[in-house]
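> Okay, here's the prediction I keep looking at, along with the sequence it came from:
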Amino acid sequence: MIKSLGKLFIIIGLVTFGFVALFFWLIGQSENLANLSIGTALFSTVLIVVFAVSVAFFILGMILYFVGKRITRNQRPETRNQGRMLACRDVGMDCDHIVYGKNDAEVLENAKKHAITHGFTEKDLTEQFLNRLKSAIKDK
Ligand SMILES: [Zn+2]
């Protein structure tokens, strides 16, 4: 929501900036500046104001865009917290290590690596042992 508002502000900023640039270009094109019979002081004041507004919109838009982006990222705790874990203690070890993974297979892979640090060898990682690990895997 804030992100799209930011995008809108950036567009408004760019469009108004484009108008200012166009005016400057027109001024450059007109050979006789006196043809711009609109009070030049007023005219340049308007240009400066529009220019300032365009820059302000652009900067504000950038800020809103990035703030919005950060909020959207933080608004997805369900995807961020999605994942599984296995506490080493839950399988009977006197160890505070917790193995994480996106899914059970990944947790199991990491658990195998961790098991080796406990002196387990590939040979010890029996079907039965792995099943015990699997049943201890829970949500984060
Ligand atoms: Zn452990």
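Arrived safely, thanks for sending.

> Mind checking what helix or strand follows the helix or strand of the chain at the bottom of the mean pLDDT ranking in sequence?
One helix or strand of the chain scores below all others by mean pLDDT, DSSP states H and E: helix 77-80, with a mean of 52. Using DSSP states H and E, the helix or strand that directly follows helix 77-80 along the chain is strand 84-87.

> counting contacts, what elements does that following strand pack onto?
Applying 3 or more Cβ pairs under 8 Å, 6 or more residues apart in numbering; DSSP states H and E, one finds that strand 84-87 contacts strand 98-101, helix 104-117, helix 127-136, strand 138-139. C-beta here means a position set from N, CA and C on the backbone, and glycine is covered the same way.

> so which of the ones you listed comes closest to residue 49?
Closest to residue 49 of these, according to Cβ to Cβ: strand 98-101, at 55.5 Å.

> May I see the buried residues of the closest one?
By neighbour count on 16 or more other Cβ atoms under 10 Å, the buried set for strand 98-101 is 99, 101.
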